[in-house]
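A.B. asks: how would this look folded up:
(chains A and B)
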Amino acid sequence: EPEVTQTPSHQVTQMGQEVILRCVPISNHLYFYWYRQILGQKVEFLVSFYNNEISEKSEIFDDQFSVERPDGSNFTLKIRSTKLEDSAMYFCASSALAGPYEQYFGPGTRLTVT
Amino acid sequence: GIQVEQSPPDLILQEGANSTLRCNFSDSVNNLQWFHQNPWGQLINLFYIPSGTKQNGRLSATTVATERYSLLYISSSQTTDSGVYFCAVERADYKLSFGAGTTVTVRA
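C.D. replies: Numbers count the residues shown, from 1 in each chain, chains lettered A, B, ... in the order given. Predicted coordinates for the structure are as follows:
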């Protein structure tokens, strides 16, 4: 069964450093998403992406964040200058079409900023 | 934005027991999904259920869209059912809004 994959599973970085989280969505899907979950809290939407541009973004998704689909398979989230409060689990998701279609989630990348 | 409320916040079960988790939402939705977050933090898709009833093994779910709620049933619970169960809804705005979750602990 096709699945969304994410790398790395765990990333440790120092405050102020740039990180890139990578995702490979399901191959025939067209919509891509990033969510994050701070430890002990609920999952929060960050951004949705379609046709090489952002469809929707939350207030969390400020200028420190960017997304890109550099080739036909990868979807990346970049955090330019990490802060302690960026420590969280980051989930990538994809869907065949936009809502109301099911979103399929990857296993997550746990980002720890020290 | 849309409000998603899950109850109860915590649930402790003896192995073999049945339980019902509830998700209320504040507005009409086009998508509703249930997830199980395992101890490793992974979100496992359980159901895509904007309306109606579905069953998958010992789990089943019902969404009554007109009354803005969904129920997740766990029957004959096992220790592997432990974890956090999340309900998430979408109002055709390309984003899922998650509830705070129900933490289920199944004791042997």
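
A.B. asks: in the sheet, who's paired with A:Tyr31?
C.D. replies: Beta-bridge partners for A:Tyr31, by DSSP bridges, are A:Tyr50, A:Ser95.

A.B. asks: what's the burial count for it?
C.D. replies: Using other Cβ atoms under 10 Å in any protein chain shown, A:Tyr31 has 20 neighbouring residues. Placement of C-beta: from N, CA and C, glycine included.

A.B. asks: cool, the one 10 residues further on as well?
C.D. replies: Neighbour count of A:Gln41, defined by other Cβ under 10 Å: 13.

A.B. asks: same question for A:Gln17.
C.D. replies: A:Gln17: 12 surrounding residues under other Cβ under 10 Å.

A.B. asks: what residues are up against it?
C.D. replies: The contact partners of A:Gln17, by Cβ atoms under 8 Å, 6 or more residues apart in numbering or on different chains, come to A:Ser81, A:Thr82.

A.B. asks: mind checking the SS state of it?
C.D. replies: Look at A:Gln17: counting by DSSP: H, G, I helix; E, B strand; the rest coil, its state is coil.

A.B. asks: gap between it and A:Thr112?
C.D. replies: According to Cβ to Cβ, to the nearest Å, A:Gln17 and A:Thr112 sit 12 Å apart.

A.B. asks: likewise B:Gln6?
C.D. replies: 27 Å.

A.B. asks: so between those two, which is more surrounded?
C.D. replies: Using other Cβ under 10 Å as the criterion, B:Gln6 and A:Thr112 rank with B:Gln6 on top: 22 against 14.

A.B. asks: and that one, what does it touch?
C.D. replies: So B:Gln6 contacts B:Leu21, B:Arg22, B:Cys23, B:Asn24, B:Tyr85, B:Phe86, B:Cys87, B:Gly99, B:Ala100, B:Gly101, B:Thr102 (Cβ under 8 Å, 6+ apart).

A.B. asks: try it again with 6 Å
C.D. replies: Counting by Cβ atoms under 6 Å, 6 or more residues apart in numbering or on different chains, B:Gln6 touches B:Cys23, B:Cys87, B:Gly99, B:Ala100, B:Gly101, B:Thr102.

A.B. asks: of those, closest to chain A?
C.D. replies: Nearest to chain A among those, counting by Cβ to the nearest Cβ, is B:Ala100 at 5.0 Å.

A.B. asks: now the closest one: phi and psi?
C.D. replies: Main-chain dihedrals, B:Ala100, degrees, to the nearest 10: phi -80, psi -10.

A.B. asks: got the confidence number for the closest residue to it other than its chain neighbours?
C.D. replies: Once flanking residues are discounted, B:Ala100 sits nearest to A:Lys42: 5.0 Å by Cβ to Cβ, 6 or more residues apart in numbering or on different chains. What the model reports as pLDDT for A:Lys42 is 91.
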